[in-house]
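A.B. asks: Predicted model follows, preceded by the sequence.
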Number of protein chains: 2
Amino acid sequence: MSKKYVYFFANGKADGNARMKDILGGKGANLAEMTNIGVPVPPGFTISAEVCDYYYKHDRMYPEGLREEVEQAVRRLEEAAGKKFGDPSNPLLVSVRSGAAVSMPGMMDTILNLGLNDVTVEGLAEATSNPRFAYDAYRRFIQMFGDVVLKIPHEEFEKVLEEQKKMKGVKLDTELDVDDLKGVVSGYKEIYKRYGKEFPQDPWDQLWKAIDAVFGSWMNERAIKYREIHGIKEGELLGTAVNVVAMVFGNMGEDSGTGVAFTRNPSTGEKKYYGEFLPNAQGEDVVAGIRTPLPLSELKNRMPEVYDQLVRVFETLEKHYKDMQDVEFTIERGKLFLLQTRTGKRTAQAAVKIAVDMYNEGIITKEEAVMRVTPDQVEQLLHPTFDPEERAKAAIIGKGLPASPGAATGRVFFDSKEAEEAAAEGPVLLVRPETSPEDIGGMAAAQGILTARGGMTSHAAVVARGMGKPCVVGCEEISIADNSFKVGDVVVKRGDWISIDGSTGEVMLGKVPTKVPKGLEGPIATLLEWADEIRKLGVRANADIPRDAEVARNFGAEGIGLCRTEHMFFEKDRIPIVRRMIVSKTKEQRQAALDQLLPMQKEDFKGLFRAMKGYPVTIRLLDPPLHEFLPQEDWQLEEVAEQMGIDLKELKAIVEELKEFNPMLGHRGCRLAITYPEIAVMQTRAIMEAAVELKKEEGIEVIPEIMIPLVGHVNEIKYLKKFIEETIKSLFEEHGVRLEYKVGTMIEVPRAAVTADEIAKEAEFFSFGTNDLTQMTFGFSRDDAGKFLKEYIDKKILEVDPFRILDRTGVGQLVEMGTKKGRASRPDLKVGICGEHGGEPSSIEFCHIVGLDYVSCSPYRVPVARLAAAQAAVKHG
Amino acid sequence: MSKKYVYFFANGKADGNARMKDILGGKGANLAEMTNIGVPVPPGFTISAEVCDYYYKHDRMYPEGLREEVEQAVRRLEEAAGKKFGDPSNPLLVSVRSGAAVSMPGMMDTILNLGLNDVTVEGLAEATSNPRFAYDAYRRFIQMFGDVVLKIPHEEFEKVLEEQKKMKGVKLDTELDVDDLKGVVSGYKEIYKRYGKEFPQDPWDQLWKAIDAVFGSWMNERAIKYREIHGIKEGELLGTAVNVVAMVFGNMGEDSGTGVAFTRNPSTGEKKYYGEFLPNAQGEDVVAGIRTPLPLSELKNRMPEVYDQLVRVFETLEKHYKDMQDVEFTIERGKLFLLQTRTGKRTAQAAVKIAVDMYNEGIITKEEAVMRVTPDQVEQLLHPTFDPEERAKAAIIGKGLPASPGAATGRVFFDSKEAEEAAAEGPVLLVRPETSPEDIGGMAAAQGILTARGGMTSHAAVVARGMGKPCVVGCEEISIADNSFKVGDVVVKRGDWISIDGSTGEVMLGKVPTKVPKGLEGPIATLLEWADEIRKLGVRANADIPRDAEVARNFGAEGIGLCRTEHMFFEKDRIPIVRRMIVSKTKEQRQAALDQLLPMQKEDFKGLFRAMKGYPVTIRLLDPPLHEFLPQEDWQLEEVAEQMGIDLKELKAIVEELKEFNPMLGHRGCRLAITYPEIAVMQTRAIMEAAVELKKEEGIEVIPEIMIPLVGHVNEIKYLKKFIEETIKSLFEEHGVRLEYKVGTMIEVPRAAVTADEIAKEAEFFSFGTNDLTQMTFGFSRDDAGKFLKEYIDKKILEVDPFRILDRTGVGQLVEMGTKKGRASRPDLKVGICGEHGGEPSSIEFCHIVGLDYVSCSPYRVPVARLAAAQAAVKHG
């Protein structure tokens, strides 16, 4: 038996179901599922995405047996619809749409009204007693077919339509009568001829060409770019399925209409039906944002029974899918048809609120709630908002629909390509009459999007919400022309600064300062508390100063995983002392400088410890090579020599001596401390004295963790531990106090990971420094790899930048090995990660899988990490 | 029962044997063994080296029960010797000597004639009827005891002796009579008093103090330095044992004497007894080289029966120990006693000859023969010899004994410390009247050693042979004074150049040019052929030019494991073209430069292939970052800009752009080829065209192996292989020829080792580039690590420089992992190593253990590698 490629659905019974997304696509699977759960859906069938896969693997040929299966499905469809394909008296018309397993709104092609030709259009006119409708449908079909299937520029068709209206002296398409439309139809056919094409009269010919076009659209530029932006990898999807569905018409008079709706507010998450409809219109009129539609409440007024039926359908769908749905519907002469349902895209804010509400409504579990929000969305919630004071002073020049929340500021650009280029030099705002799939690049590059037309479900709104970009749509007060826009008397030119508030719809002149939130409240706080209950990984922050430590605490960090003490060395009042230490010729001179630094470092640590009361604080000993503390340019050296009162030549000689060919692999990390143990001794003393004094004076208990960087051999830590332990011992004796502390190491040199069993005999904790570990494991200098890393990703040698997302195969293998070997020697070894990967969700997932104890990341990534850790726990147990 | 610490031997029966070296030391184990096999040995006992270990671990205390055991052993010794310790009438005298498991000649202390005091000396005088002898023994004992045990400067004693001789008006010690000697004894006792000490009269007190001194000498500066120079690690030995042996006297008249002998010639390896003796003397007179001894043949004349007995002992010993022996003997009134036997140190040349001879004599197997020569010795055989033509012209100013073969040239220094310092600035020759253990440092630093006094077994001779340094001893024509030496009319001052030939004993004025051998002949060729039969590892050479390839073949290389193509780029006629390639702005310009390079590279490869006829040749594609081909200094840039006819500013901009923070981790290796595949294509074409043309034109079959450097990800090799394969395919089509080739990769980035399973899917061979792998695994830049590596070794953080000896624990683990994983994907994967470790014996052993297919090293290391590989096979099977 040959493989099944076509899945039929009609009258409450379908071959497919919701779980078959991979082969039926989201749309097809849901049409099948809706059919099965009794939601009114027009009959139709879905051609599997496996055909698309086959098509591209076999030089655009179809598998054997497909033709027969499609013919059979059309026959069944004719039966279900009670109409016949190509029947001159009662023709079956169908829509042909793409639909992949992942929704790609507007990215691929759609053809409506297929089946009409010079003969069947008359039959349709007769059957509906509405010749105007029939010819309008026909001219739409010819236009769409020409555009989508034959690639004739759609402006050509617009021109003919505009001319017809002009000739007639009317403004709206609806003002054209049947004869006018017949004129349009022959005008359209002329266009075909001019392009050397012929409009196919045979519906079967139409159908196969349309199917070709939909499969072909999988690889068009827009679709490829969309997948690129959304991180959909090649081979991740089979391709698109093709849905062939009997047409229903929303443009059959005032008792007809079409709309889109969300079962909850996709912008705020409020539990309120939310949608728009256009009476007497086909669906694409809504999505394209050309006519501004009516709110859903208006449907209640106009067709109360239909509205009630729709509300019941909403409830059925939410109960069934356990998530907020985004539906398309059409009312044909008072009869409701659902054309599509899918999980609705939502803003970050909405995603969180819906997840929390749905748990409270008893629809989903806490684990499911946590899985409903992406780490990216959590990050968006921490995006800047306008500073309220500054905002109060701003000049509001217009107000549109608040399509996607958030504050954005940028220079205005009217062209997507230009916006994309300009974004390299600073923030831009994309301003368009309306957006179309061609604008994707510009939208991705912009800080925010402002459109003059379109509703809350217009292309701009949907896409911006998907991207998490602030967006204001339908701001009809502005008129765009000649690289500028006008609102009243105000003219905003290309390159001028404006600001938009996607939460209120307001448009403001100039650059309104924004600020980042300092903590969490509302549903996100609740959701992250659940995440905390679920996750197994601890989450700490990398913080060097008390201010950052406080932010980290407010965001839920459970300690500091990395305090880089050298950052303290760079402070203005310290750097001269640090330099004096470096140019010291004797141990005594060096000690004198260190003695000056000691009380300063101690105060730093006290601040950190206070902010982290009760939580562990990991402090890394001095790490960078000494030359980083000295200037390199001649004029700077002169200045410094004068300040320090030393000879310029001498200073230059020191700089010269400290120069390294490969500083990354040079005299830094613990190697410095081995040369100058007195530095490590000073830092140890500062750390432990701070802890001891806080305990004695303020009753604060701290567990300092002293971390030795760049260890590659167990003897390095052995050698330094002696100095550290001796310092602490004598300090405890001086103060007559003891307290808990740990001495551990960064694992950032490949050798450390490979010999972790030996190192763990000396180290009480490990912290993977995956930035350096990635550099050394790949042999990539982060400072230099820019040149070839981009090329590597372009040439698909690497899928992603390994400095952003932990390379599981290579670096990750060392992390896993290091963890296992370390724990083999010391079963209670505490293991964390403090590279930048510690705040990146996929890397966090990996840390969970290999059983790390915690991740540490920048304070602003802490909420993201909390969620990502919980999601990893849900996914992997 | 308490542990046994004391091992007794006497009358053909011993507690110990030769296998107990670890605890009895070499000397003690051999005394026991000799006793057991019937060789005449004075009775005695050995205190185990375990006591030494205990002593240092317990704050210089002895284990319980030791005292009792020693007392009991002394009693047994008294019985065996028929004398009593402290007996006024017939006193037992003993020697107390150190002896570790590894021979450390002259490094530790020895005391003779112990047991003498004011009373027993009279008894001895009576028992031997030789008061002069008794008092001479007594004064020697007091002097030695003062020097060794009480650290009184030995010059003090010399002074007293000299004064006595002066008073008496004689020159030789032997001219002093018993009364003079009594005077010396009281003079000596005065010295003790002046130093606040007392000479102990109680023999037991003497014995324990002497034992203390011997154990104490294990940690004296000389001994520590000796172990350092000879690579004996801390903890490798338990310590020294102490041998207490009944004294026999070689100074009891003309029927007495003492000597040292080798069972074969330790300098040439000739099968001829070889040794020296001094009539009427104690052993230390020979070893110290103060009196020039008589050749062994003289013994045959003077005491033929003793000589015959000695020869029989030699035969017994060689048969028993299956190796050339170095013995000390004493004749007391016509009776032969062997005091010591040990495996004789020998020159490299002798080691090889003895091993080959002993196999031919049926004494040892080929495997044993191969184990008898160290890789260092093989290396010494490849050391420079004088260019015969130049040598013929040289002015020979003197001739001494050829104590250790080889040619050496250097500036003359008379002080060891000075020689050590001067060696940093160029080769030095150490010239001394005679050497003592204090000269070890200077000898190690010098190219060669010349002494005015001493025989073939003097300190200088023995130590120089051990070090493999050319050495001429006993060149009595030279007289040294005031930082210069005189031979006839010639005066050679400090810092002047001379040359010595350790094989002939000749001393020449000035710097006689040397040359290195170009091949192998004689016994070493035979031995290495046996090594080839035994070894499992292949041995290839790293060679970039035909000349090196020929040397490699002559030394037995079985192919080229690494040809660095960039070395060809640096040639004078090429570098301008290479630079033109680098500054190219378009692919076309770059291609034009590459087209010029192609025929040149092709000729290079043809030369290599011809030299390696029939053997595989691995050619690495361009590796270094491009900036290495451009000058960095301004004046050089000006010159190059002018030569190339391009704008200086432009050239500077290119240099600036190519600069990298960490070039080691930058744009080099396969990353270059990925950016500029045309370079790889050109090189591939040059390699394969060379092979094809050789096949067609000269009938030479080559198997080129194209090696891609610095691979870290399988996709890198995948990407480049496409270009390589396409180039080869079209080239085969052009020429209508096909031939075998392989495409493989260096494994030098840690990630490559970790993901070797993936990489082996694309690579047909691996070659571990352990230089870079060591850099990245440790995170040590070889260019910068100098600063801290020395410190690391001094502070015992690292045992050895990991760039010299492969770090088995870390880097080695990656090598092993890479090999295993690679073979898991591709069972016939060929795996080699081409870092500098490929010529280092311990690293070669490791390569054998982990199952590599071959090592590749510099041409001059090939013989070393052949031997080391065979030894690894013998040791590990």
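C.D. replies: Yep, it's here.
A.B. asks: Give the burial count for A:Thr316, as a bare number.
C.D. replies: Residues contacting A:Thr316 under the criterion other CB atoms under 10 Å in any protein chain shown number 17. C-beta here means a position set from N, CA and C on the backbone, and glycine is covered the same way.
A.B. asks: Secondary structure element holding it?
C.D. replies: In this assignment (DSSP states H and E), A:Thr316 forms part of helix A:304-321.
A.B. asks: what residues does that helix touch?
C.D. replies: Helix A:304-321 is contacted by residues A:18, A:33-34, A:37-40, A:261, A:263, A:273, A:296, A:299-300, A:324-325, A:327, A:329, A:331, A:334, A:336, A:338, A:341, A:343, A:363 when judged by CB atoms under 8 Å, 6 or more residues apart in numbering or on different chains.
A.B. asks: Pull the contacting residues for the residue of the stretch 351-500 of chain A found nearest chain B.
C.D. replies: Here the stretch 351-500 of chain A gets closest to chain B at one residue, A:Ala424, 19.1 Å apart by CB to the nearest CB. Residues near A:Ala424 by CB under 8 Å, 6+ apart: none.
A.B. asks: Isn't A:Val121 up against A:Arg132?
C.D. replies: No: assessed by CB atoms under 8 Å, A:Val121 is found out of contact with A:Arg132, at 11.4 Å.
A.B. asks: ok, and the helix or strand in chain A with the lowest average confidence?
C.D. replies: In chain A, no helix or strand scores lower on mean pLDDT, DSSP states H and E than helix A:283-287, which sits at a mean of 61.
A.B. asks: Show me what secondary structure element comes after that one.
C.D. replies: Next along the chain after helix A:283-287, taking DSSP H and E as the criterion, comes strand A:294-295.
A.B. asks: Not counting its neighbours along the chain, what's nearest A:Arg574?
C.D. replies: A:Met600 (6.0 Å; CB to CB, 6 or more residues apart in numbering or on different chains).
A.B. asks: Looks like A:Ala541 contacts A:Asp548 (just checking).
C.D. replies: Yes: here A:Ala541 reaches A:Asp548: they are 7.3 Å apart, a contact under CB under 8 Å.
A.B. asks: Sketch out the low-pLDDT regions of chain A for me.
C.D. replies: Residue ranges of chain A with pLDDT under 70: A:1-2, A:106-107, A:283-291.
A.B. asks: The nearest residue to A:Gly851 once chain neighbours are set aside: neighbour count?
C.D. replies: Excluding its sequence neighbours, the residue lying closest to A:Gly851 (CB to CB, 6+ apart) is A:Thr819, at 6.4 Å. Around A:Thr819 there are 24 other residues, counting by other CB under 10 Å.
A.B. asks: What of A:Ser404?
C.D. replies: So A:Ser404, with other CB under 10 Å, has 35 neighbours.
A.B. asks: got it, and A:Pro433?
C.D. replies: 15.
A.B. asks: Quick check: nearest residue in space to it, chain neighbours excluded?
C.D. replies: A:Pro433's closest residue in space is A:Ala452 (CB to CB, 6+ apart), at 4.9 Å.
A.B. asks: close enough to count as contact, the one you found and A:Ile480?
C.D. replies: Yes: if you go by CB under 8 Å, A:Ala452 and A:Ile480 touch, sitting 5.9 Å apart.
A.B. asks: Tell me which of these two has more neighbours.
C.D. replies: A side-by-side neighbour count of A:Ala452 and A:Ile480, using other CB under 10 Å, places A:Ala452 first with 20 against 17.
A.B. asks: what's near enough to touch that one?
C.D. replies: A:Ala452 touches A:400, A:431-434, A:474-476, A:478-480, A:485, counting by CB under 8 Å, 6+ apart.
A.B. asks: and if we set it to 10 Å?
C.D. replies: A:398, A:400, A:431-434, A:472-480, A:485 (CB atoms under 10 Å, 6 or more residues apart in numbering or on different chains).
A.B. asks: In chain A, which helix is the longest?
C.D. replies: Ranked by residue count under DSSP state H, the longest helix found in chain A is helix A:587-611.
A.B. asks: Who are the packing partners of that helix?
C.D. replies: Packed against helix A:587-611 by the contact rule (3 or more CB pairs under 10 Å, 6 or more residues apart in numbering or on different chains; DSSP states H and E) you find helix A:546-554, strand A:560-564, helix A:566-569, helix A:575-583, strand A:616-620, helix A:677-693, strand A:703-708.
A.B. asks: closest to B:Val214 out of those?
C.D. replies: Taking CB to CB, helix A:677-693 is the member of the helices and strands packed on helix A:587-611 nearest to B:Val214, at 36.8 Å.
A.B. asks: relative orientation of the closest one and strand A:560-564 in degrees?
C.D. replies: 140 degrees (axes from the mean of the first three to the mean of the last three CA atoms, to 10 degrees).
A.B. asks: In helix A:677-693, which residues are buried?
C.D. replies: Buried positions in helix A:677-693, judged by neighbour count with 16 or more other CB atoms under 10 Å in any protein chain shown: A:677-693.
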